[in-house]
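Engineer: Structure here, sequence nowhere to be found:
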């Protein structure tokens, strides 16, 4: 499925090229089989109503082939295998001139992407992570190695060329990107801010492609993102081009991204600096949880906008725990289990509740979506803690707990892959 932003008539022909739903590489084959099974069901229903059947795998392959052929960096003095963030579907080129100005001027309310977060002059692998996963999945499903090779070429180039020499942080994430025409970080408001956009689920492959840039990034994340090493306090924002960490916005959601990064780095290097980084941030988040109401929190300390936050940290702790030594592993698993329990106890009464309480499962900045409800079941860590979307649950009994979440944010994070589904099965 390709998700494109809602566009006014003036921007007709514009397409966001990289939003494709997927999940962890090691479950891609299973995920694509599940997807194809569901699509076959849809096709069968359409055929029963006299509508023509479609070859859904061909649609996915055609999309991937088009991106490989037409969606690359063919701009500026240096062409590269990076994928463009946005293309004009009529020309299959990045926007320029009047078209670029029109898209840049689309109001936030009509696109749901803030103007200063748009990567319309280049690329950003975190935004396009699901495209890479689809390419790896197609290689596995079709046996055509070309798809994986093209994903490898693109990621290798990014890691080797798009990293700050001062901090080791990459030009990616929520605010930053790589400009294809200037061959440097996109020059725009907030363009020098490093903030994870989503979990990076391709660390294993990334370390195979570019081990030294990945190591430098993991070190830079500790040295230049975490403002207070003894307390583990940080801000989700840090400067890319120079040392500039903060301490006033230790969002739990972002702590989980850091912990998974460091766990992968420790697994590859055995450097204990990464264990210290994990423990520092983990301790800081636990102190915040205990001192601010018993649940993980997000928001700015300076502004006083602290509020109950999601349990997604528990998912990353489950993913990362298997990569670290036993003592730290046990601590991470204990924290994950505690957060599971607290979340379930505080919101057990919310299942089926109407009207819905606010902010049961936020994936943005502490705010829930606006329309509709879908129940999300949670299961024990042993069956789902290492998966972002645990396909096993599709064939297992309903998990042991049920809570509720608002559907728009769930669709963004769970279906589009921007966020993990903690031990969850959407029903």
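Structural biologist: Here it is on my side, so go on. In this text, all values refer to a predicted model and were calculated from it rather than measured experimentally. Residues are numbered from 1 along each chain as shown.
Engineer: rest of the way, CA atoms for contacts and neighbours
Structural biologist: OK.
Engineer: which stretches of the stretch 101-250 of the chain form strands?
Structural biologist: Taking DSSP state E, counting those that start in this stretch as the test, the strands found in the stretch 101-250 of the chain are 122-123, 178-179, 184-185, 193-194, 238-239.
Engineer: In TSV, list those strands along with distance to residue 57, mean neighbour count and mean pLDDT.
Structural biologist: As requested, those are exported to TSV (distance: least, CA to CA, whole Å; neighbours: other CA atoms under 10 Å; pLDDT from 0 to 100):
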stretch	distance to residue 57	mean neighbour count	mean pLDDT
strand 122-123	26	27	96
strand 178-179	31	26	98
strand 184-185	35	20	97
strand 193-194	36	24	98
strand 238-239	41	21	98
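Engineer: Let me have the ones you listed in a markdown table, extended by distance to residue 87.
Structural biologist: As requested, the strands of the stretch 101-250 of the chain are exported to a markdown table (distance: least, CA to CA, whole Å):
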| stretch | distance to residue 87 |
| --- | --- |
| strand 122-123 | 10 |
| strand 178-179 | 14 |
| strand 184-185 | 19 |
| strand 193-194 | 24 |
| strand 238-239 | 28 |
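Engineer: And those: which comes nearest residue 93?
Structural biologist: strand 122-123 (11.0 Å; CA to CA).
Engineer: before we move on, the earlier item: any idea which of the strands of the stretch 101-250 of the chain gets closest to residue 92?
Structural biologist: strand 122-123 (13.7 Å).
Engineer: In the stretch 201-350 of the chain, where is pLDDT below threshold?
Structural biologist: Residue ranges of the stretch 201-350 of the chain with pLDDT under 70: 304-310, 347-350.
Engineer: circling back: among the strands of the stretch 101-250 of the chain, which is nearest residue 100?
Structural biologist: Per CA to CA, nearest to residue 100 of those: strand 122-123, 12.0 Å.
Engineer: List the pairing partners of that closest one within its sheet, with orientation.
Structural biologist: strand 178-179 (antiparallel) (DSSP bridges).
Engineer: Go ahead and confirm residue 313 touches residue 252.
Structural biologist: Yes - using CA atoms under 8 Å, residue 313 is in contact with residue 252, at 6.3 Å.
Engineer: which one of these two has more residues nearby?
Structural biologist: Shown here are residue 313 and residue 252; by other CA atoms under 10 Å, residue 313 has more neighbours (29 against 26).
Engineer: That one: helix or strand, and which one exactly?
Structural biologist: Assigned by DSSP states H and E, residue 313 falls within helix 312-321.
Engineer: other SSEs contacting that helix?
Structural biologist: For helix 312-321, the contact count by 3 or more CA pairs under 8 Å, 6 or more residues apart in numbering; DSSP states H and E identifies helix 252-269, helix 326-347 as packing neighbours.
Engineer: Single out the most deeply packed of those.
Structural biologist: Among these, the stretch with the highest mean neighbour count (mean count of other CA atoms under 10 Å) is helix 252-269, at a mean of 23.
Engineer: and the angle for that one with helix 312-321?
Structural biologist: 0 degrees (axes from the mean of the first three to the mean of the last three CA atoms, to 10 degrees).
Engineer: Which SSE is immediately downstream of helix 252-269?
Structural biologist: helix 273-291.
Engineer: Report the next helix or strand after that following helix in sequence order.
Structural biologist: strand 297-298.
Engineer: Can you list the strands that that next one pairs with?
Structural biologist: With DSSP bridges as the test, strand 297-298 is paired with strand 307-308 (antiparallel).
Engineer: Let me know which of the strands of the stretch 101-250 of the chain is the nearest to residue 267.
Structural biologist: strand 193-194 (24.0 Å).
Engineer: Nearest to residue 160, out of the helices and strands packed on helix 312-321?
Structural biologist: Nearest to residue 160, of all the helices and strands packed on helix 312-321, is helix 252-269, at 16.9 Å by CA to CA.
Engineer: Just want the angle from the closest one to helix 273-291.
Structural biologist: Going by the same axes, to 10 degrees, helix 252-269 makes 160 degrees with helix 273-291.
Engineer: Would you enumerate the residues in contact with residue 75?
Structural biologist: Residues near residue 75 by CA atoms under 8 Å, 6 or more residues apart in numbering: 180-181.
Engineer: Which of the three states applies to it?
Structural biologist: Judged by DSSP: H, G, I helix; E, B strand; the rest coil, the three-state class of residue 75 is coil.
Engineer: Would you convert the helices and strands packed on helix 312-321 into JSON lines that also reports distance to residue 130?
Structural biologist: Shown next, in JSON lines, are the helices and strands packed on helix 312-321 (distance: least, CA to CA, whole Å):
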{"stretch": "helix 252-269", "distance to residue 130": "17"}
{"stretch": "helix 326-347", "distance to residue 130": "26"}
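Engineer: that older thread, identify whichever of the strands of the stretch 101-250 of the chain lies nearest to residue 269.
Structural biologist: Nearest of the strands of the stretch 101-250 of the chain (CA to CA): strand 193-194, 23.8 Å.
Engineer: Residues touching stretch 218-226, excluding its own?
Structural biologist: 167-169, 232-239, 243-247, 258, 261-262, 265, 274, 277.
Engineer: Now do the same for stretch 156-165: mean pLDDT, whole number.
Structural biologist: Averaged across stretch 156-165, the pLDDT comes to 98.
Engineer: Would you mind listing the buried residues in that stretch?
Structural biologist: 156, 158-159, 161-164 (16 or more other CA atoms under 10 Å).
Engineer: can you check stretch 185-193 too?
Structural biologist: 185-186, 191-193.
Engineer: what do you get for stretch 240-252?
Structural biologist: Neighbour-count burial for stretch 240-252 [16+ other CA under 10 Å]: 240-241, 244-252.
Engineer: With distance to residue 145 added, can I get these in a markdown table?
Structural biologist: Formatted as a markdown table, the buried residues of stretch 240-252 follow (distance: CA to CA, whole Å):
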| residue | distance to residue 145 |
| --- | --- |
| 240 | 35 |
| 241 | 36 |
| 244 | 42 |
| 245 | 41 |
| 246 | 43 |
| 247 | 45 |
| 248 | 46 |
| 249 | 43 |
| 250 | 41 |
| 251 | 39 |
| 252 | 38 |
